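S.K.: Predicted model follows, preceded by the sequence.
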Amino acid sequence: MGEGVENQRGEERRQAILEAAWRLVAERGYHHVRVQDIARLCGTSTGAVHYYFPGKDDVLREALRYSVDAAFARQGAQLRPIKDARKRLLALIEMQLPVGGQIRDEWSIWLQFWAEAALNPPLRAMHNAFYARWIETVVRIVRRGQEQGIFRDVDPALFARHLTSATDGAAIQVLTGAPGMTIDKMRELLVGIVDRELSLDPDALAGAGR
(Lines give C-alpha, C1' and ligand atoms only; values in the text may rest on other atoms or scores of the structure.)
Protein backbone atom coordinates (compact mmCIF):
# COMPACT_ATOMS: atom_id res chain seq x y z
CA MET A 1 0.00 0.00 0.00
CA GLY A 2 2.82 2.38 0.93
CA GLU A 3 4.62 1.67 -2.33
CA GLY A 4 1.44 2.36 -4.30
CA VAL A 5 0.96 5.72 -2.61
CA GLU A 6 4.58 6.65 -3.26
CA ASN A 7 4.26 5.67 -6.92
CA GLN A 8 1.16 7.82 -7.22
CA ARG A 9 2.94 10.77 -5.65
CA GLY A 10 5.88 10.26 -7.97
CA GLU A 11 3.58 10.30 -10.98
CA GLU A 12 1.89 13.45 -9.68
CA ARG A 13 5.30 15.15 -9.29
CA ARG A 14 6.28 14.12 -12.80
CA GLN A 15 2.99 15.41 -14.17
CA ALA A 16 3.42 18.75 -12.40
CA ILE A 17 6.95 19.11 -13.77
CA LEU A 18 5.77 18.18 -17.27
CA GLU A 19 2.90 20.66 -17.14
CA ALA A 20 5.28 23.42 -16.05
CA ALA A 21 7.81 22.51 -18.76
CA TRP A 22 5.12 22.38 -21.44
CA ARG A 23 3.75 25.80 -20.54
CA LEU A 24 7.15 27.44 -20.36
CA VAL A 25 8.40 25.98 -23.65
CA ALA A 26 5.16 27.02 -25.38
CA GLU A 27 5.26 30.56 -24.00
CA ARG A 28 8.98 31.39 -23.94
CA GLY A 29 10.59 29.06 -26.44
CA TYR A 30 12.71 25.98 -25.89
CA HIS A 31 16.05 27.80 -25.78
CA HIS A 32 14.81 30.36 -23.28
CA VAL A 33 13.65 27.86 -20.67
CA ARG A 34 16.04 26.73 -17.96
CA VAL A 35 15.65 23.80 -15.60
CA GLN A 36 15.56 26.36 -12.78
CA ASP A 37 12.53 28.00 -14.39
CA ILE A 38 10.68 24.70 -14.55
CA ALA A 39 11.53 23.88 -10.95
CA ARG A 40 10.45 27.31 -9.75
CA LEU A 41 7.11 27.18 -11.54
CA CYS A 42 6.09 23.83 -10.07
CA GLY A 43 7.65 24.45 -6.64
CA THR A 44 10.31 21.74 -6.70
CA SER A 45 14.08 21.42 -6.98
CA THR A 46 16.25 21.27 -10.08
CA GLY A 47 17.33 17.82 -8.91
CA ALA A 48 13.74 16.63 -9.06
CA VAL A 49 13.38 17.95 -12.61
CA HIS A 50 16.58 16.17 -13.68
CA TYR A 51 15.33 12.97 -12.04
CA TYR A 52 12.38 12.81 -14.43
CA PHE A 53 13.99 14.58 -17.41
CA PRO A 54 17.77 13.99 -17.37
CA GLY A 55 18.55 16.27 -20.34
CA LYS A 56 17.00 19.25 -22.02
CA ASP A 57 16.09 17.20 -25.10
CA ASP A 58 14.03 15.02 -22.77
CA VAL A 59 12.04 18.08 -21.73
CA LEU A 60 11.24 18.94 -25.36
CA ARG A 61 10.39 15.35 -26.27
CA GLU A 62 8.03 14.96 -23.35
CA ALA A 63 6.49 18.39 -23.97
CA LEU A 64 5.68 17.27 -27.51
CA ARG A 65 4.32 13.94 -26.29
CA TYR A 66 2.13 15.73 -23.75
CA SER A 67 0.93 18.17 -26.40
CA VAL A 68 0.12 15.47 -28.96
CA ASP A 69 -1.63 13.21 -26.46
CA ALA A 70 -3.76 16.11 -25.23
CA ALA A 71 -4.68 17.12 -28.78
CA PHE A 72 -5.62 13.58 -29.85
CA ALA A 73 -7.68 12.99 -26.73
CA ARG A 74 -9.56 16.24 -27.29
CA GLN A 75 -10.07 15.59 -30.98
CA GLY A 76 -11.21 12.02 -30.44
CA ALA A 77 -13.82 13.05 -27.90
CA GLN A 78 -15.22 15.75 -30.19
CA LEU A 79 -15.08 13.80 -33.47
CA ARG A 80 -16.53 10.47 -32.38
CA PRO A 81 -20.17 11.67 -32.20
CA ILE A 82 -19.97 13.12 -35.75
CA LYS A 83 -21.06 10.41 -38.20
CA ASP A 84 -20.99 12.40 -41.47
CA ALA A 85 -17.43 12.27 -42.81
CA ARG A 86 -17.45 15.74 -44.36
CA LYS A 87 -18.71 17.33 -41.16
CA ARG A 88 -16.11 15.34 -39.23
CA LEU A 89 -13.30 16.56 -41.48
CA LEU A 90 -14.47 20.17 -41.21
CA ALA A 91 -14.62 19.80 -37.43
CA LEU A 92 -11.04 18.48 -37.44
CA ILE A 93 -9.95 21.49 -39.49
CA GLU A 94 -11.64 23.79 -37.00
CA MET A 95 -9.72 22.14 -34.17
CA GLN A 96 -6.42 22.82 -35.97
CA LEU A 97 -6.90 26.58 -36.21
CA PRO A 98 -4.42 28.35 -33.87
CA VAL A 99 -7.08 30.60 -32.37
CA GLY A 100 -5.35 31.02 -29.02
CA GLY A 101 -5.05 29.36 -25.65
CA GLN A 102 -4.06 25.71 -25.57
CA ILE A 103 -4.27 25.13 -29.33
CA ARG A 104 -1.90 28.00 -30.03
CA ASP A 105 0.46 26.67 -27.34
CA GLU A 106 0.35 23.23 -28.97
CA TRP A 107 1.30 24.80 -32.30
CA SER A 108 4.15 26.62 -30.57
CA ILE A 109 5.52 23.30 -29.33
CA TRP A 110 5.23 21.77 -32.80
CA LEU A 111 7.06 24.65 -34.47
CA GLN A 112 9.92 24.41 -32.02
CA PHE A 113 10.12 20.64 -32.32
CA TRP A 114 10.27 20.91 -36.13
CA ALA A 115 13.25 23.24 -35.86
CA GLU A 116 15.05 21.01 -33.36
CA ALA A 117 14.30 17.80 -35.32
CA ALA A 118 15.75 19.37 -38.47
CA LEU A 119 19.05 19.87 -36.65
CA ASN A 120 18.97 16.90 -34.27
CA PRO A 121 18.31 13.58 -36.09
CA PRO A 122 17.58 11.55 -32.90
CA LEU A 123 14.41 13.61 -32.45
CA ARG A 124 13.04 12.72 -35.88
CA ALA A 125 11.70 9.24 -35.13
CA MET A 126 9.44 10.55 -32.41
CA HIS A 127 8.31 13.47 -34.58
CA ASN A 128 7.53 11.18 -37.49
CA ALA A 129 5.58 8.74 -35.32
CA PHE A 130 3.36 11.52 -33.99
CA TYR A 131 2.95 13.06 -37.42
CA ALA A 132 1.84 9.70 -38.78
CA ARG A 133 -1.00 9.70 -36.25
CA TRP A 134 -2.23 13.04 -37.57
CA ILE A 135 -2.11 11.82 -41.18
CA GLU A 136 -3.85 8.56 -40.28
CA THR A 137 -6.68 10.51 -38.67
CA VAL A 138 -7.33 12.27 -41.98
CA VAL A 139 -6.99 9.02 -43.94
CA ARG A 140 -9.63 7.32 -41.80
CA ILE A 141 -12.07 10.19 -42.27
CA VAL A 142 -11.58 10.19 -46.04
CA ARG A 143 -12.18 6.43 -46.22
CA ARG A 144 -15.31 6.85 -44.13
CA GLY A 145 -16.56 9.49 -46.56
CA GLN A 146 -15.85 7.21 -49.51
CA GLU A 147 -17.78 4.40 -47.84
CA GLN A 148 -20.65 6.82 -47.19
CA GLY A 149 -20.64 7.79 -50.86
CA ILE A 150 -19.98 11.49 -50.21
CA PHE A 151 -16.26 11.66 -51.12
CA ARG A 152 -14.64 11.01 -54.46
CA ASP A 153 -12.45 7.98 -55.12
CA VAL A 154 -9.12 9.67 -54.40
CA ASP A 155 -6.03 8.27 -52.73
CA PRO A 156 -6.73 8.93 -49.02
CA ALA A 157 -3.04 8.98 -48.08
CA LEU A 158 -2.14 11.43 -50.84
CA PHE A 159 -5.02 13.71 -49.89
CA ALA A 160 -4.00 13.52 -46.23
CA ARG A 161 -0.47 14.63 -47.14
CA HIS A 162 -1.86 17.56 -49.07
CA LEU A 163 -4.26 18.67 -46.35
CA THR A 164 -1.78 18.30 -43.49
CA SER A 165 0.94 20.14 -45.42
CA ALA A 166 -1.47 22.98 -46.18
CA THR A 167 -2.56 23.05 -42.53
CA ASP A 168 1.04 23.30 -41.32
CA GLY A 169 1.97 25.99 -43.83
CA ALA A 170 -1.08 28.11 -43.09
CA ALA A 171 -0.63 27.76 -39.33
CA ILE A 172 3.00 28.88 -39.57
CA GLN A 173 1.87 31.95 -41.49
CA VAL A 174 -0.81 32.74 -38.90
CA LEU A 175 1.59 32.30 -35.99
CA THR A 176 4.29 34.43 -37.59
CA GLY A 177 1.89 37.19 -38.61
CA ALA A 178 2.33 36.76 -42.36
CA PRO A 179 0.42 39.50 -44.23
CA GLY A 180 -2.89 38.30 -45.62
CA MET A 181 -3.08 35.07 -43.61
CA THR A 182 -5.65 35.11 -40.83
CA ILE A 183 -7.61 32.43 -39.02
CA ASP A 184 -10.51 33.02 -41.41
CA LYS A 185 -8.22 32.77 -44.44
CA MET A 186 -6.70 29.56 -43.10
CA ARG A 187 -10.15 28.07 -42.63
CA GLU A 188 -11.19 29.14 -46.13
CA LEU A 189 -8.03 27.64 -47.64
CA LEU A 190 -8.45 24.25 -45.94
CA VAL A 191 -12.18 23.92 -46.51
CA GLY A 192 -11.56 24.82 -50.15
CA ILE A 193 -9.13 21.90 -50.45
CA VAL A 194 -11.74 19.54 -49.02
CA ASP A 195 -14.42 20.76 -51.43
CA ARG A 196 -12.23 20.75 -54.53
CA GLU A 197 -10.56 17.40 -53.96
CA LEU A 198 -13.17 15.32 -52.18
CA SER A 199 -16.66 16.52 -53.00
CA LEU A 200 -18.62 14.62 -55.63
CA ASP A 201 -20.14 17.94 -56.72
CA PRO A 202 -17.78 20.75 -55.70
CA ASP A 203 -19.94 23.48 -57.22
CA ALA A 204 -23.00 22.46 -55.23
CA LEU A 205 -21.00 22.36 -52.03
CA ALA A 206 -19.03 25.58 -52.58
CA GLY A 207 -19.17 27.64 -49.44
CA ALA A 208 -20.96 25.00 -47.41
CA GLY A 209 -19.77 24.53 -43.86
CA ARG A 210 -17.98 27.85 -43.71
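M.R.: Great, that's in hand.

S.K.: Break the chain down into its domains, please.
M.R.: Domain assignment for the chain, taken from automatic domain parsing, gives 1-54, 60-205.

S.K.: burial of residue 60, as a residue count?
M.R.: Burial of residue 60, expressed as a neighbour count using other Cβ atoms under 10 Å, amounts to 25. For glycine as for every other residue, the C-beta is placed from the backbone atoms N, C-alpha and C.

S.K.: can you confirm it is in a strand?
M.R.: No - counting by DSSP: H, G, I helix; E, B strand; the rest coil, residue 60 is not part of a strand but helix.

S.K.: State the helix or strand in which the closest residue to residue 130 other than its chain neighbours lies.
M.R.: What sits nearest to residue 130 in space, not counting adjacent residues and going by Cβ to Cβ, 6 or more residues apart in numbering, is residue 68, at 4.7 Å. Counting by DSSP states H and E, the secondary-structure element that holds residue 68 is helix 56-79.

S.K.: And the contacts of that helix?
M.R.: The contact list for helix 56-79, computed with Cβ atoms under 8 Å, 6 or more residues apart in numbering, reads 18-19, 21-22, 25-26, 30, 33, 35, 38, 53, 88, 91-92, 95, 102-103, 105-106, 109-110, 112-113, 116, 120, 122-123, 126-127, 130, 133, 137.

S.K.: Quick one: the helices in the protein, in order.
M.R.: When assigned using DSSP state H, the helices of the chain occupy the ranges 2-28, 35-42, 46-52, 56-79, 85-96, 101-119, 124-148, 156-175, 183-198, 202-205.

S.K.: Single out the most deeply packed of the ones you listed.
M.R.: Burial of these is given as mean neighbour count (mean count of other Cβ atoms under 10 Å); helix 85-96 ranks first at a mean of 19.

S.K.: Distance from the chain centre to that one, please.
M.R.: Distance of helix 85-96 from its chain centroid, counting by Cα atoms, centre = their mean, to the nearest Å, is 14 Å.

S.K.: tell me what that helix is packed against?
M.R.: Contact partners of helix 85-96 among helices and strands, from 3 or more Cβ pairs under 8 Å, 6 or more residues apart in numbering; DSSP states H and E: helix 56-79, helix 124-148, helix 156-175, helix 183-198.

S.K.: again, only this time at 6 Å
M.R.: Under the contact criterion of 3 or more Cβ pairs under 6 Å, 6 or more residues apart in numbering; DSSP states H and E, helix 85-96 touches helix 124-148.

S.K.: okay, and for this structure, where does confidence drop off?
M.R.: Across the chain, the stretches falling below the confidence threshold (pLDDT under 70) are 1-7, 201-210.

S.K.: what sits against residue 167?
M.R.: If you count contacts by Cβ atoms under 6 Å, 6 or more residues apart in numbering, residue 167 has them with residue 96.

S.K.: Against residue 190, how distant is it?
M.R.: 6 Å (Cβ to Cβ, to the nearest Å).

S.K.: can you check residue 174 too?
M.R.: On the measure of Cβ to Cβ, residue 174 and residue 190 end up 12 Å apart.

S.K.: again, but for residue 69
M.R.: Taking Cβ to Cβ as the measure, residue 69 falls 24 Å from residue 190.

S.K.: again with residue 12
M.R.: Applying Cβ to Cβ, the value for residue 12 to residue 190 is 39 Å.

S.K.: Many thanks, I have nothing further to ask.
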